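Peer 1: mind folding the following:
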Amino acid sequence: MSKLYYAYDPMCSWCYAFRPVFETLIAGLPNQLEIILLLGGLAADNDEPMQDEMCTYVLANWRRIEEQVPETKFNYDFWKDCKPRRSTYPACRAVVAARKQGEEYDLEMIWAIQQAYYLQARNPSDVSTLCELAVEIGLDKDKFTEDIQSNETDKALKLEIKQTRQLGLNRFPGLLLDVENQQLRIETDYLNIDTMLEKINRYF
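Peer 2: So this is what the prediction gives:
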């Protein structure tokens with residue numbers, strides 16, 4: 001079966017901006033095209049506060065996104081209410097742990113993390129926040145708490161990150177079409193799905 005790989009990180013601000021377009025895109029794709037979501041792992045585990053230079057960089061990205069993708073909004077209270085860390089692996093492991101309770105929880109957990117981070121000024125670098133989100137989307141809290149901290153989940157995440165890198169998907173969000181033994185990078189468009197659909201549909 002032909003595949004469309006989507007590489008992302010649940011704490012990637014550009015992935016958050018791309019989400020509405022991605023949802024519309026996948027709804028319009030051919031049925032014979034398998035959609036595979038791959039975690040990218042932007043930032044490894046880190047308990048240290050985010051450095052000022054990185055805070056400035058992330059804030060600049062938020063403002064640039066609001067300018068370029070006007071429908072995307074951010075809650076800047078995050079920067080005064082939370083202690084930012086450059087650490088997205090916990091959020092990535094939360095997605096892996098959520099999947100273990102049902103594939104349908106994959107996208108639900110991603111969206112819960114994005115809402116918490118970008119709209120509710122909650123910190124998804126904290127496992128405690130991620131456990132709260134698990135309950136909010138209907139997961140079994142005890143199982144999720146065990147799974148998110150397990151070696152098995154960590155290994156699964158690192159294998160997925162390795163696959164993402166092997167496919168050459170090093171920038172997020174990233175789209176790669178695999179059809180008829182060919183791999184074709186699909187340029188992401190945050191405002192219009194037509195160019196992406198046209199490029200994909202010419203193979204079907």
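Peer 1: ok, which stretches of this structure are strands?
Peer 2: Taking DSSP state E to define them, one finds strands in the chain at 2-8, 33-39, 174-179, 182-186.
Peer 1: how far off centre is the last one?
Peer 2: Translated: strand 182-186. The gap between the average C-alpha position of strand 182-186 and the chain average comes to 20 Å, counting by CA atoms, centre = their mean, to the nearest Å.
Peer 1: for the third one, same thing?
Peer 2: Strand 174-179 has its average C-alpha position 16 Å from the chain's average C-alpha position, going by CA atoms, centre = their mean.
Peer 1: how about residues contacting it?
Peer 2: The set of residues that contact strand 174-179 without belonging to it, under CB atoms under 8 Å, 6 or more residues apart in numbering, is 2-8, 33, 40, 167-169, 183-188, 196, 199-200, 203. Quick note: C-beta positions are derived from backbone N, CA and C, even for glycine.
Peer 1: how about stretch 12-26 as PDB, C-alpha atoms only?
Peer 2: The C-alpha trace of stretch 12-26 is given here as PDB (Å, rounded to 0.1, in the frame of the first residue of the first chain):
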ATOM      1  CA  CYS A  12       6.400  21.900  17.700                       C
ATOM      2  CA  SER A  13       4.600  25.300  17.300                       C
ATOM      3  CA  TRP A  14       4.600  24.900  13.500                       C
ATOM      4  CA  CYS A  15       3.000  21.500  13.800                       C
ATOM      5  CA  TYR A  16       0.300  23.200  16.000                       C
ATOM      6  CA  ALA A  17      -0.300  25.800  13.200                       C
ATOM      7  CA  PHE A  18      -0.400  23.000  10.600                       C
ATOM      8  CA  ARG A  19      -2.900  20.900  12.400                       C
ATOM      9  CA  PRO A  20      -6.200  22.300  10.900                       C
ATOM     10  CA  VAL A  21      -4.800  22.000   7.300                       C
ATOM     11  CA  PHE A  22      -3.500  18.500   8.000                       C
ATOM     12  CA  GLU A  23      -6.900  17.400   9.200                       C
ATOM     13  CA  THR A  24      -8.500  18.700   6.000                       C
ATOM     14  CA  LEU A  25      -5.800  17.200   3.900                       C
ATOM     15  CA  ILE A  26      -6.100  13.700   5.200                       C
END
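Peer 1: what residues of it count as buried?
Peer 2: Neighbour-count burial for stretch 12-26 flags 12-19, 21-22, 25 (criterion: 16 or more other CB atoms under 10 Å).
Peer 1: identify the farthest-apart pair in those.
Peer 2: The two members of the buried residues of stretch 12-26 with the most space between them (CB to CB) are 13 and 25, at 18.9 Å.
Peer 1: do you know how far the nearest residue to residue 86 once chain neighbours are set aside is from residue 51?
Peer 2: Once its chain neighbours are removed from consideration, residue 86 has its nearest residue in residue 43; the separation is 4.7 Å (CB to CB, 6 or more residues apart in numbering). Relative to residue 51, residue 43 is positioned 12 Å away (criterion: CB to CB, to the nearest Å).
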